[in-house]
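Novice: need the 3D shape of this:
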Amino acid sequence: MKKSKAFKISSILIIILIIAFGTTFIPTLQLKTKNMKVIIGRWVDVYYEKEESAASDCFNLAEQKAKYLMDKLGIKEKSKIKIFIYDKQSTFQTKKYGLITLLFNLDWYIGDNIGSTVILTSPANPGRLHTYESVKQSLLHEMVHTYEYLINPKMKKWLKEGVALYLTNGGQLKKGALQNVKIPSFEDIQTENPIKFANIGGYIFADTYIQYLDKKYGWNKVLQLL
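Specialist: This is a model prediction of the structure:
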């Protein structure tokens, strides 16, 4: 009887833990939030909450640059993408990885993609580590990721981030900076973990690698590699 009771209690606890863990992913089930509006364009559709001016600013930038980015990445067919912009950084952060993301204090995390869809913090509320302009420009970075997904959904993170940085908001490796930054090892750059990637300096070094390939072998070879 004691073993049976202990088994029942253990089973109940396991079920509770499974349910609790599952609820953390509820925000990922629906990208749209209540009363979201949309701006429909030729190349992108932008969904937004209350920060209409910032959303309109992002829409104009995306519409202006979409064709250039598609041409640069060798995408011949018209590929319209969706962009979801959230007024709060915390809302954005839960849309890909769930509520557990909020435990890690990722102030730098303001944009991402889910397949061929962009999710972004509103430039109007950029958080502590960003500005209106840096968040807006990061939209182009995330757009590159959506096009990369269309080219090769299994593309490795080092290549994926390197190309997005190289074409949009890279160039963080300044002359003399190597004296103060640890260069990641070959083993390090195999990671697909976004936190580890950031911690090893991926956002500083990855575009330098793509720049080298471009200058040494030409952009067509880079596209073949992708």
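Novice: which non-adjacent residue is nearest residue 171?
Specialist: Using C-beta to C-beta, 6 or more residues apart in numbering and skipping residues adjacent in sequence, the residue nearest residue 171 is residue 207, 7.0 Å away. Yep, even glycine has a C-beta here, placed from its N, CA and C like the rest.
Novice: quickly find the element holding the one you found.
Specialist: Assigned by DSSP states H and E, residue 207 belongs to helix 202-217.
Novice: now the helix or strand following that helix: average pLDDT?
Specialist: Once the chain leaves helix 202-217, the next helix or strand it forms, by DSSP H and E, is helix 219-225. Taken as a whole, helix 219-225 has a mean pLDDT of 96.
Novice: beta-bridge partners for residue 111, please?
Specialist: Applying DSSP bridges to residue 111 yields these beta-bridge partners: residue 120.
Novice: count of neighbours near it?
Specialist: Residues near residue 111, counting by other C-beta atoms under 10 Å, number 22.
Novice: which residues does it contact?
Specialist: If a contact means C-beta atoms under 8 Å, 6 or more residues apart in numbering, then residue 111 has 92, 118, 119, 120, 121, 135, 138, 139, 141, 142 as its contacts.
Novice: count of residues packed around the fifth one?
Specialist: Looking back up the chat, that one is residue 121. A total of 26 residues lie near residue 121 under the criterion other C-beta under 10 Å.
Novice: lowest-pLDDT helix or strand in the protein?
Specialist: Counting by mean pLDDT, DSSP states H and E, the chain has its least confident helix or strand at helix 2-23, which shows a mean of 61.
Novice: domain map for the chain?
Specialist: For the chain, whose domains are defined here by automatic domain parsing, the residue ranges read 31-151, 155-226.
Novice: rank those domains by pLDDT, which is bottom?
Specialist: domain 155-226 has the lowest average pLDDT among the domains of the chain, namely a mean of 89.
Novice: end-to-end on it?
Specialist: Using C-alpha to C-alpha, to the nearest Å, the end-to-end distance of domain 155-226 comes to 7 Å.
Novice: so how far is it from its chain's centroid?
Specialist: The chain centre lies 15 Å from the centre of domain 155-226; the measure is C-alpha atoms, centre = their mean, to the nearest Å.
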